[in-house]
Structure formats: C-alpha cells, structure tokens
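Trainee: Attaching a predicted model along with its sequence, questions to come.
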Amino acid sequence: MSRSDEHRLDERPSWLVKPPAHLAVIMDGNGRWAKKRLLPRVAGHRQGAQAVRRTVSACRAWGLRYLTLYAFSWENWKRSRLEVDALMALLEDYLDGEEALMREKAIRFRTIGNRSRLPLSVLRKIEAVEQGTRDGGAMDLVLALSYSGREEILGAAKRFASDVAAGRKAPEELTEELFDGYLDTAGIPPPDLLLRTSGEHRISNFLLWQLAYTELYFDPVLWPDFGEENLKRALMDYQDRQRRFGAEGTGETLSRGTGQETGKA
Ligand code: FPP
C-alpha cells in the first residue's frame, strides 16, 4: 500500500463499506438560503464556500478518490457583475486559504471548463494550486468552473476533427474510450454518484457525457446547510443501490459488493 493510500483509509467510518470512487456535486440553493434570511445572495455563496470546505474534508477523510464540484457554470456568467465578481473573489480566497491543507492531505487540484473568461488573477491562482498539488495522490478535487457539458463535448469533437484533418487520427478509430481522452475530464473515471442539493431534479448541463451510468441522489437541503450528516445519508443510499450498467441484475447491493463501484468496465 502506498503512503497516500494509508493516509486515505485511516478515517473511513465503519458504515462506509463501498464508497463511490467518484462523487460529483451540483451545489445548489445558495441564493435561496440567503433570501430566507433577508441577506444578499453573496452571503449565501460565502456560507456555500464553508460547505465546500466541510465536504472536501469529509470526502478526503472517508476515502473518496475523486470529488467534482460544480462551482460556476458557463451560464452563470449571465448573473449580475456584482455576483460574478463575488464568486470569483470567494474562489480566490478558497484557493489561497486551502492550498497548504490540500498539500498536507495529498489532495490534487484541477479544474474543468472554459478558462478563457476567468479573471487573470483567478487563472494564475488556479495554475499555481494545480502545480503546487500535482503530487497529491490521495484524492483529486476537481472544480467545474465556467463549465458547460455541451461545450465540453463540442470542444472534444473539434479536437478530434482537427486530429483527423491533420492525418493523426481516422474517423473509424473513434471509440468511447478514445473520445474520453478528448474531454476536459481525461484521466478521471466517470462519477459513480451525482448529488444535487436544494430539491431541484435537473442535470443543468453538468458532465453530460460522463453521467451516462451514474447513480443520482437529490437532497432538499440548501447547499450552505449541507454537512457531514447529509453526505453520510447520500453515501448510505448509494451503497444500497444495485448498479447494473445496462446488464442483468445480480440482486447484490454495493454494500454487499458487486465489484462494479468504480466504473462501467
Ligand atoms: C448555486 O446556488 C451555486 C452557485 C451558482 C455557485 C456555487 C458556489 C459556491 C458553493 C461558493 C464558492 C465556491 C468555492 C469552490 C469556494 P444558486 O445561487 O443558484 O442558488 P439559488 O438557486 O437558490 O438561487
């Protein structure tokens, strides 16, 4: 067992028999949380950033290998300048404040999404944290930023088409596995579990290709109130699912072990 694996397993609770290897989260409800308290939307995002810290910490402690958080969608650029600026500032603060902890906990940081519209200071920070945490082997923390699932698929299709035009690839070579490698998520297995807060039941242009066989879980809690107990309920629920990936059922749930919890292979 490598050093990072030892790290990873030491705090896994006894109820967690088969954690999803990859958890993806649509963090929703910051605005409603603030509205209920007659506070500006930004106050909801600020509390939402605290929920991000709690979630990263629990996932790392409980031995999840990949955590992808939908922090800012391509469509979010349409929000007011005030809100967009506040979200970018929170992101920068988060990266400033968490980089040392990420390194200590062997968390590797990366982002997916279109970086072209991100402010230069945020971009620089992202690059620095990616560089500073690249040796982390216990957990990958992936932030979807300025992200659109459809745009990601179009980008991948364009890159493949360029390779074909340049003679590096032939159309017949294209398989699902090859296409995976053209996506922003290249090298990351698809999510085993998608969790969305705030009671909305939508995918909202998130990881459209990658979610093909993902288990879905919806929690009515507003994201700023999301905590370890919510995460525990979602993971317990996941363990009771039967994952079939389109094949016949075995009657086994994940907690009894189907061996299929890490992907569609
Ligand atoms: C959805 O709530 C949430 C977002 C658009 C942004 C998520 C951002 C954070 C959790 C905080 C900053 C992130 C990091 C990584 C530090 P909403 O505003 O759409 O809520 P509503 O649907 O109730 O209006």
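Mentor: Noted; the coordinates are in hand.
Trainee: Going by C-alpha atoms from here, please, whenever you check contacts or count neighbours.
Mentor: Will do.
Trainee: quick one: the residue located most distally from the centre of the chain from Ala161, how far?
Mentor: Distance to the chain centre peaks in the chain at Gly167, reaching 34.4 Å (criterion: CA atoms, centre = their mean). As defined by CA to CA, to the nearest Å, Gly167 lies at a distance of 10 Å from Ala161.
Trainee: and stretch 22-32, how far from the chain's centre?
Mentor: Relative to the chain's own centre, stretch 22-32 is displaced by 10 Å; criterion: CA atoms, centre = their mean, to the nearest Å.
Trainee: now it: mean pLDDT?
Mentor: The average pLDDT for stretch 22-32 rounds to 98.
Trainee: quick one: contacts of it?
Mentor: 41-42, 44-45, 47-48, 64-71, 189-198, 221-224, 262 (CA atoms under 8 Å, 6 or more residues apart in numbering).
Trainee: Keep only those of the residues you listed that are in helices.
Mentor: Members of the contacts of stretch 22-32 lying in helices (criterion: DSSP state H): 41-42, 44-45, 47-48.
Trainee: Near the ligand, which residues of the stretch 151-265 of the chain are found?
Mentor: Residues of the stretch 151-265 of the chain that fall close to the ligand, judged by CA under 6 Å from any ligand atom: none.
Trainee: How many neighbouring residues does Glu177 have?
Mentor: By other CA atoms under 10 Å, the residues close to Glu177 number 9.
Trainee: Let's verify it: helix, strand, or coil?
Mentor: For Glu177, the assignment made with DSSP: H, G, I helix; E, B strand; the rest coil gives helix.
Trainee: and stretch 214-223, how far out from the chain's middle?
Mentor: So, by CA atoms, centre = their mean, the centroid of stretch 214-223 is 13 Å from its chain's centroid.
Trainee: for it, what is the average pLDDT?
Mentor: Stretch 214-223 comes out at a mean pLDDT of 98.
Trainee: Give me the contact list for that stretch.
Mentor: Residues from elsewhere that reach stretch 214-223 (CA under 8 Å, 6+ apart): 27-30, 32-33, 48, 51, 190-201, 230, 234, 238, 243.
Trainee: What segments of the protein are strands?
Mentor: Here the chain has its strands, by DSSP state E, at 22-26, 66-73, 107-112, 139-147, 193-197, 215-219.
Trainee: how much space between the closest residue in space to Asn30 that isn't next to it in sequence and Leu174?
Mentor: In this structure, Asn30 finds its nearest non-sequential neighbour in Gly44, 4.4 Å apart by CA to CA, 6 or more residues apart in numbering. Per CA to CA, Gly44 is found 44 Å from Leu174.
Trainee: Over to Ser255?
Mentor: As judged by CA to CA, Ser255 and Leu174 stand 36 Å apart.
Trainee: Over to Arg81?
Mentor: The gap separating Arg81 from Leu174 is 41 Å, by CA to CA.
Trainee: next one: Asp135
Mentor: For Asp135, the distance to Leu174 - CA to CA - is 31 Å.
Trainee: got it, and Glu99?
Mentor: 38 Å.
Trainee: With Phe226 instead?
Mentor: Distance from Phe226 to Leu174, by CA to CA: 41 Å.
Trainee: Looking at these two, which is more packed in?
Mentor: More neighbours surround Phe226 than the other of Phe226 and Leu174, with 22 against 11 (other CA under 10 Å).
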